[in-house]
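>>> next comes the sequence, and after it the predicted model I'd like to discuss.
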Amino acid sequence: MADDDSPPPQRRIRASDQDRDDVLSVITEAVTNGRLDPEETTQRQDEAIGAKFLDELIPLIDDLPEGDSLHRKLARQTGQAPGPAGPGSELARRGPTELSPAAEPGSATPMNSVAIMSGRQLDVPPGTAEVTTYALMGGDDIDLCDVMGPGVTVELNSYAMWAGNDVYVPPGVRIRDETINIMGGNDIHGPAQGDGSNGTVILKGVSLMAGHDVRLAKGYRAKDQGQLE
């Protein structure tokens with residue numbers, strides 16, 4: 001009798017109420033931005049509410065930019081990277097050989113930004129190990145959701161006067177504050193301080209009458225128990 005060389009069945013992880021709520025929040029945000037029509041919205045909401053496993057939730061958001069961070073989180077939990085293609089997703093039109101491998105930490109070019117009485121949105125790409133900002137009476141919105149992950153360390157070097165950045169992280173990120181502050185300081189919101197399971201952010205630099213806010217990214221913020229930011 002021939003040996004059975006078929007791969008073992010893939011492990012399926014059951015979805016929690018919070019997982020379903022997170023997906024519903026993404027769908028709602030996508031509707032607000034005009035990405036889904038009423039029929040699509042109802043269908044996806046019904047499927048999200050009835051989903052029993054995480055792999056059933058992933059196709060509902062993988063073509064919605066509002067769900068990028070949540071998609072990566074669910075894909076990591078299920079071992080499906082980048083995950084099954086959902087309705088209208090670009091992944092449905094790409095062969096598996098076209099998918100890019102995960103970026104190695106430090107493989108991307110360090111980022112730099114200057115904000116004088118202004119600021120901009122900085123979406124830090126995967127592989128970035130260092131971000132340096134200079135702010136005078138201004139500051140940037142720095143989103144670290146794409147770059148963070150298990151074992152990843154990102155240094156955020158910020159030099160600010162009468163200013164500060166808003167820094168957004170996914171859950172599980174450990175924040176190490178090594179900055180020098182003169183008549184100022186950083187505000188690391190409680191829910192944003194993780195256990196390091198999703199990487200580490202090291203805050204460095206100097207602030208004069210200034211400081212930075214570190215928060216959970218919008219899609220992850222607690223909605224109850226008084227933890228709203």
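Right, received. Where do you want to start?
>>> next SSE after the helix or strand of the chain with the lowest mean pLDDT?
Among the secondary structure pieces of the chain, namely its helices and strands, helix 68-78 has the lowest mean (mean pLDDT, DSSP states H and E), a mean of 85. Tracing the chain C-terminally past helix 68-78 and defining elements by DSSP states H and E, one meets strand 111-116 next.
>>> just checking, what packs against that next one?
In this structure, strand 111-116 makes packing contacts with strand 130-136, judged by 3 or more C-beta pairs under 8 Å, 6 or more residues apart in numbering; DSSP states H and E. Placement of C-beta: from N, CA and C, glycine included.
>>> report the angle between the strand it packs on and strand 111-116.
Comparing the axes of strand 130-136 and strand 111-116 via axes from the mean of the first three to the mean of the last three C-alpha atoms, to 10 degrees yields an angle of 10 degrees.
>>> neighbouring contacts of strand 130-136?
Residues from elsewhere that reach strand 130-136, judged by C-beta atoms under 8 Å, 6 or more residues apart in numbering: 110-117, 119, 122, 124, 139-140, 142, 154-165, 205, 210.
>>> stretch 118-126 now?
Among residues not part of stretch 118-126, those counted as contacts by C-beta under 8 Å, 6+ apart are 102-103, 108, 111, 113, 131, 133, 135, 138-144, 146-147, 149, 154, 165.
>>> hang on, the earlier thing: the least confident helix or strand of the chain: which residues count as buried?
Of all the residues in helix 68-78, those buried under the rule 16 or more other C-beta atoms under 10 Å are 68-75, 78.
>>> what angle separates the longest helix seen in the chain from helix 68-78?
Longest helix in the chain by number of residues (criterion: DSSP state H): helix 17-32. The directions of helix 17-32 and helix 68-78 differ by 150 degrees, with the same axes, to 10 degrees as the criterion.
>>> which strands or helices does helix 17-32 pack on?
helix 38-50, helix 54-57, helix 68-78.
>>> so which of the contacts of strand 130-136 belong to strands?
Assigned to strands by DSSP state E, the following of the contacts of strand 130-136 qualify: 111-116, 122, 142, 154-161, 205.
>>> rewinding a little: filter the contacts of strand 130-136 to the buried ones?
111, 113, 115, 119, 122, 124, 139-140, 142, 154-161, 163-165, 205, 210.
>>> and stretch 122-135, what's its mean pLDDT?
On average, the pLDDT along stretch 122-135 is 93.
>>> quick check, distance from it to the centre of its chain.
14 Å (C-alpha atoms, centre = their mean, to the nearest Å).
>>> and what of stretch 132-143?
19 Å.
>>> now that stretch: buried residues?
In terms of neighbour count (16+ other C-beta under 10 Å), stretch 132-143 has its buried residues at 132-136, 138-140, 142-143.
>>> and that stretch, how far apart are its ends?
Stretch 132-143 has an end-to-end distance of 13 Å (C-alpha to C-alpha, to the nearest Å).
>>> low-confidence stretches in this protein?
Segments of the chain classed as low confidence (criterion: pLDDT under 70) are 1-10, 80-106, 221-229.
>>> the residue nearest the centre of the chain and V23, how far apart?
The centre of the chain sits closest to C145, judged by C-alpha atoms, centre = their mean, with a distance of 2.8 Å. Using C-beta to C-beta, to the nearest Å, one gets 16 Å for the distance from C145 to V23.
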